[in-house]
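Asks: Here you go, sequence then predicted model.
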Amino acid sequence: MDLPRERKGATVTPDEIEALFTRSNGDYVFARWAYPVVPVVFGVDDTTLAVVKGAFEAVVTLANHKMAENDPEIGANCMVFFLRDWDELASVPELERLLPGVGALAKRLGDEKAERYRVFRFDEAGAIRSAFVFLRMGGDLAEVPAEDLALTEVVQAILCWSEAAFAEVSPLAIAGGRTILRPEIAGVIRAAYDPVLPAAARDRSHALRLAARLRG
């Protein structure tokens, strides 16, 4: 996916915000993390690990949220896997316990020739409790700069976006010859973590509340 150019003075409307969190079945589903994010990254060298951790730190800081070294209940709560092939999932220790049915999932992703897959787990209130991000680096993703890939994936893990939110347009943009997070998406993330707003919402009026904070 080619990155768009930054739109100067770009704004996002309530309808556009609503679309970012509207699922393919028509349901509005918003969720953010209600717990400090504890990321762990598998399958990369130290250089790439530093890039991914840096992306987490940048996005979590943007959201005015928190990171931690350990989750008291589950240890790491945001797991990022870099894989050569989906078959590797079957050999990841304890993954079946954390993500039941991962063997069938790996087969389906292989049959679909998927490049990435993301799944969230939620608490009783609907807030994000944990996330799993899987990236198959044997295809086109191998050509994506590590900084761009890391920032894109962390942005998509910081909120439960619609599956179509960034299907056509990346959350990143080119500005002054460098890659940045699109300002309007950064604004949505920042507004989404306003402590006045709920950590989860199913009513479309929530999009209006987000838009009001972007205008404020």
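Replies: Yes, it's here.

Asks: Residues in a beta bridge with A31, which ones?
Replies: In this entry, A31 is beta-bridged to A200, by DSSP bridges.

Asks: how about the helices of this structure, start to end?
Replies: Taking DSSP state H, the helices of the chain run over residues 14-20, 46-62, 95-98, 102-112, 146-158, 183-192, 205-215.

Asks: Identify the residues contacting L141.
Replies: Contacts for L141 (C-beta atoms under 8 Å, 6 or more residues apart in numbering) come out as 115-116, 135, 149. The way it works is simple: take the backbone N, C-alpha and C, and place the C-beta from them, glycine included.

Asks: who does the longest strand along the chain touch, helix- and strand-wise?
Replies: Determined from DSSP state E, the single longest strand within the chain is strand 128-136. Applying 3 or more C-beta pairs under 8 Å, 6 or more residues apart in numbering; DSSP states H and E, we find strand 128-136 packed against strand 78-83, strand 116-122, helix 146-158.

Asks: Show me the contact partners of that strand.
Replies: With contact meaning C-beta under 8 Å, 6+ apart, strand 128-136 is reached by 31-35, 74, 77-86, 89, 98-99, 109, 114-123, 141, 149, 153, 157, 159-160, 199.

Asks: how about that strand as PDB, C-alpha atoms only?
Replies: Coordinates of each C-alpha in strand 128-136 appear next as PDB, following Å, rounded to 0.1, in the frame of the first residue of the first chain:
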ATOM      1  CA  ILE A 128      -9.000  -4.400  25.400                       C
ATOM      2  CA  ARG A 129      -7.400  -6.900  27.800                       C
ATOM      3  CA  SER A 130      -4.800  -8.400  25.400                       C
ATOM      4  CA  ALA A 131      -3.800  -8.500  21.800                       C
ATOM      5  CA  PHE A 132      -2.000 -10.800  19.400                       C
ATOM      6  CA  VAL A 133      -0.400  -9.500  16.200                       C
ATOM      7  CA  PHE A 134       0.900 -12.000  13.600                       C
ATOM      8  CA  LEU A 135       3.000 -10.900  10.600                       C
ATOM      9  CA  ARG A 136       4.100 -13.300   7.900                       C
END
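
Asks: can you pull the pLDDT of the spatially closest residue to D194 that is not a sequence neighbour?
Replies: Distance criterion C-beta to C-beta, 6 or more residues apart in numbering; nearest residue to D194, sequence neighbours excluded, is R213 at 5.5 Å. In this prediction, R213 carries a pLDDT score of 91.

Asks: and the gap between R213 and A192?
Replies: Distance of R213 to A192, given as C-beta to C-beta, to the nearest Å: 9 Å.

Asks: how's the protein carved up into domains?
Replies: Following automatic domain parsing, one finds the domains of the chain at 1-32+160-216, 33-158.

Asks: Least reliable of those domains by average pLDDT, please.
Replies: In terms of mean pLDDT, the lowest-scoring of the domains of the chain is domain 1-32+160-216 (a mean of 88).

Asks: Could you verify my assumption that Y28 touches A200?
Replies: No. Using C-beta atoms under 8 Å, Y28 is not in contact with A200, being 11.0 Å away.

Asks: Are there residues contacting both of the two? Which ones?
Replies: Shared contacts of Y28 and A200 (C-beta under 8 Å, 6+ apart): none.

Asks: check contacts around the closest residue to L208 other than its chain neighbours.
Replies: Nearest residue to L208 in three dimensions, chain neighbours excluded: P14, at 5.2 Å (C-beta to C-beta, 6+ apart). Listed by C-beta under 8 Å, 6+ apart, the contact set of P14 reads 207-208, 210-211.
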